[in-house]
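Peer 1: need the 3D shape of this:
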Amino acid sequence: MCRTLVVDDDADCADSLCLLLRLAGHEAAAAYSGAEALALAESFRPRLVFVDLAMPRMGGVELAGRLRALPCMAGARLVALSARHDGAELAAGAGLDASLLKPAEPGEICRIAGAAYLE
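Peer 2: Residues are numbered from 1 along each chain as shown. Model prediction:
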């Protein structure tokens, strides 16, 4: 079981992804803003974070940098979720471990969560 945080300002997207992860046997929590994700990361201590790159106020690139700076996030994997076709370039430039184009394939989401659990 991989403890996974899903960060997306679209609550339907975040909640759906959490449901998929739970059905696959993972523990999942949703945050709907960068600020909420930072607060939740401290107590939830995820091994994997799916980050929407295009969020208001604090975008995914800024959030990724701030998450990486938290001691509780040492060793965690960060994966960008984006509808932008340049999302992979943005994610790589921000130091995220991987990038998926929305809508991401459920099998790929579960594969990434399973791999993060095994690390």
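Peer 1: quick check: phi and psi on the nearest residue to Met55 once chain neighbours are set aside?
Peer 2: Counting by Cβ to Cβ, 6 or more residues apart in numbering, Met55 lies nearest to Asp9, which is 4.4 Å off, once chain neighbours are set aside. Where C-beta positions appear, they are placed from N, C-alpha and C, glycine not excepted. Main-chain torsions, Asp9, degrees, to the nearest 10: phi -70, psi -10.
Peer 1: right, and Asp9 touches Gly59 too?
Peer 2: No. The criterion here is Cβ atoms under 8 Å, and Asp9 misses it with Gly59 at 9.8 Å.
Peer 1: quick revisit: burial check on the residue nearest to Met55, number of neighbours?
Peer 2: Using other Cβ atoms under 10 Å, Asp9 has 19 other residues around it.
Peer 1: swap in the one 10 residues further on?
Peer 2: Summarising burial for Leu19: neighbours were counted as other Cβ under 10 Å, giving 13.
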